[in-house]
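**Student:** below is the structure, and that's it, no one-letter string:
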């Protein structure tokens, strides 16, 4: 009788502990499932949908498309621009930037280079230095430091030749050197042209005379924010080495 009671008590105790253990196990499993479903699964899904944007600048369109395709991305050309540093057909810049994280299937926008914009050197022979400068400026070109020689049969300050020569196709913005006729003088003394820009025309005129140079044509340009008589531009440029007696042309500010 006593043994039966003890046996029944042990069975009840075992059942109680087993039920508790099963309950704890079930709760733990449910908790792990919840974490996996709400946290881990979305993370792995997002991870699989994202891709790091590679750097495709400098590549051709075909090369960029191949690389982007491997990353699950697409390419979209949104424009073309002139660029002296990038060959025609290569990518100048991209959006978004490299190393950005984007969703797979995203279109990476790029701008392609049209190469360096070109210009044709005009015929400068026979023009004055100033006329040559304006002609080059109208073509998007610049005039470089002149080379002076003396030819008695030609007018003073006339352009004799240009380098590159007329008709040559060159990159936009290139400097064109010119050979300019300068009258014969008894001295071959060379003068280094100082900076006149920003100074008053009266001071500049006096300085030009002291240097043994000659003041030539003066052009006036309306600049209401500057004091009247301020030198805006000079020809020859600062630093040019010219013979004594050379002509200096100026652009000077004026008001309405």
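**Tutor:** Structure's in. What do you need? Note that the structure is a prediction, hence the values are computed from the model and not measured. Numbering: from 1, shown residues only.
**Student:** for the stretch 151-256 of the chain, just list every one of the strands.
**Tutor:** With DSSP state E, counting those that start in this stretch as the criterion, the stretch 151-256 of the chain has strands at 159-163, 169-171, 175-181, 190-192, 214-222, 231-235, 241-243, 247-254.
**Student:** residue 141: which of the ones you listed is closest?
**Tutor:** strand 175-181 (5.6 Å; Cβ to Cβ). No exception for glycine: its C-beta is placed from N, CA and C like everyone else's.
**Student:** show me where pLDDT drops low in this structure?
**Tutor:** 1-48, 183-188 (pLDDT under 70).
**Student:** with distance to residue 129 and mean neighbour count added, can I get the strands of the stretch 151-256 of the chain in JSON lines?
**Tutor:** What follows is the strands of the stretch 151-256 of the chain, written out as JSON lines (distance: least, Cβ to Cβ, whole Å; neighbours: other Cβ atoms under 10 Å):
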{"stretch": "strand 159-163", "distance to residue 129": "6", "mean neighbour count": "18"}
{"stretch": "strand 169-171", "distance to residue 129": "19", "mean neighbour count": "13"}
{"stretch": "strand 175-181", "distance to residue 129": "5", "mean neighbour count": "19"}
{"stretch": "strand 190-192", "distance to residue 129": "16", "mean neighbour count": "13"}
{"stretch": "strand 214-222", "distance to residue 129": "9", "mean neighbour count": "14"}
{"stretch": "strand 231-235", "distance to residue 129": "6", "mean neighbour count": "18"}
{"stretch": "strand 241-243", "distance to residue 129": "11", "mean neighbour count": "17"}
{"stretch": "strand 247-254", "distance to residue 129": "8", "mean neighbour count": "19"}
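**Student:** can you map out the helices along the protein?
**Tutor:** Assigned by DSSP state H, the chain shows helices spanning 2-35, 41-49, 61-70, 129-138, 201-210.
**Student:** stretch 190-201: end-to-end distance?
**Tutor:** Terminal residues of stretch 190-201 lie 23 Å apart, using Cα to Cα, to the nearest Å.
**Student:** so what's the gap between it and the chain middle?
**Tutor:** With Cα atoms, centre = their mean, to the nearest Å as the basis, stretch 190-201 stands 32 Å off its chain's centre.
**Student:** tell me the buried residues in it?
**Tutor:** Neighbour counts over stretch 190-201 (16 or more other Cβ atoms under 10 Å) mark 191, 193, 196, 199-201 as buried.
**Student:** of all the strands of the stretch 151-256 of the chain, which one is nearest residue 55?
**Tutor:** strand 169-171 (26.4 Å).
**Student:** chain center to that closest one: distance?
**Tutor:** For strand 169-171, the distance to the chain centre is 20 Å (Cα atoms, centre = their mean).
**Student:** one more: stretch 233-252?
**Tutor:** So, by Cα atoms, centre = their mean, the centroid of stretch 233-252 is 32 Å from its chain's centroid.
**Student:** equivalent analysis for stretch 91-98, please.
**Tutor:** Computed by Cα atoms, centre = their mean, the chain-centroid distance of stretch 91-98 equals 13 Å.
**Student:** tell me which residue lies nearest the centroid of the protein.
**Tutor:** residue 83 (8.4 Å; Cα atoms, centre = their mean).
**Student:** got a list of what the closest residue to that residue other than its chain neighbours touches?
**Tutor:** Excluding the flanking residues, the one nearest residue 83 by Cβ to Cβ, 6 or more residues apart in numbering is residue 113, at 4.3 Å. By Cβ atoms under 8 Å, 6 or more residues apart in numbering, the contact list for residue 113 reads 80-83, 86-92.
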